[in-house]
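*Asks:* generate coordinates for the sequence data below:
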Amino acid sequence: MLLSVGAWAQYAGTGVAKRAGTHIKVDGEKLSTEDQMILLSDIGGRDFNPAWQKAKTGRDAGMGLTIGGGVVALGGCAAVLLGATASIVGGAAGAIFGSIGGEEGAQQGAEAGASAGKPYITGGLIAAGAGLAAMGAGIPILAVNCKKLNNIVGSYNADGPEAQLSLGPTGNGFGITFSF
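*Replies:* Numbering: from 1, shown residues only. All right, here's what the predicted structure looks like:
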């Protein structure tokens, strides 16, 4: 009996599939596209190729939204920072150079200089908001489709060999049998 359990433990590790991105690895070796299609074509009597392709497309879309949204959000934040810097520097420069015309000129110069960064700030806030919205949509899409891909691989692994321990009649009488 102990030898059988040891043999089963060695046998159970073969044929275990894992997902690596949108590819499948079996026993650590990445399958070719053709082998992956063959593997997915008959899992428990079902063809999982269409479901895999749909989940793969959804995962890719989620990844694109997440990465693209992050880049746009960072660009928006940089534009806000640039606009704020332009407003501060512009206000200071306007006040300095406007002081030549007196106190009233200094105030007008400071106001004009301070408004220099407003378009950058406004555009940056819009871009950052759009980027965050894209990320907010992309992350759940990515997570849902990765889970679908994992479930398909899990279906393959669950369809593998099973071990069964039973007590009953055997070829040599009555006893314990361990089948795998």
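*Asks:* elements contacting the helix ranked longest in the chain?
*Replies:* The residue-count maximum for a helix in the chain (DSSP state H) belongs to helix 49-98. Applying 3 or more C-beta pairs under 8 Å, 6 or more residues apart in numbering; DSSP states H and E, one finds that helix 49-98 contacts helix 33-41, helix 103-114, helix 118-158. Placement of C-beta: from N, CA and C, glycine included.
*Asks:* looking at the ones you listed, which is closest to residue 81?
*Replies:* helix 118-158 (7.7 Å; C-beta to C-beta).
*Asks:* how far away from the center of its chain is the closest one?
*Replies:* The chain centroid and the centroid of helix 118-158 are separated by 7 Å, computed with C-alpha atoms, centre = their mean, to the nearest Å.
*Asks:* repeat that for stretch 111-128.
*Replies:* Put simply, stretch 111-128 sits 33 Å off its chain's centre (C-alpha atoms, centre = their mean).
*Asks:* just the buried positions in stretch 117-135, please.
*Replies:* Burial within stretch 117-135, assessed by neighbour count using 16 or more other C-beta atoms under 10 Å, is assigned to 117, 120-121, 123-124, 127-128, 131, 134-135.
*Asks:* in TSV, list these along with pLDDT and distance to residue 32.
*Replies:* Formatted as TSV, the buried residues of stretch 117-135 follow (pLDDT from 0 to 100; distance: C-beta to C-beta, whole Å):
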residue	pLDDT	distance to residue 32
117	84	55
120	90	50
121	91	52
123	94	47
124	95	46
127	96	42
128	96	43
131	96	37
134	97	34
135	97	34
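*Asks:* looking at those, which is nearest residue 53?
*Replies:* Closest to residue 53, out of all of the buried residues of stretch 117-135 and judged by C-beta to C-beta, is residue 134, at 23.6 Å.
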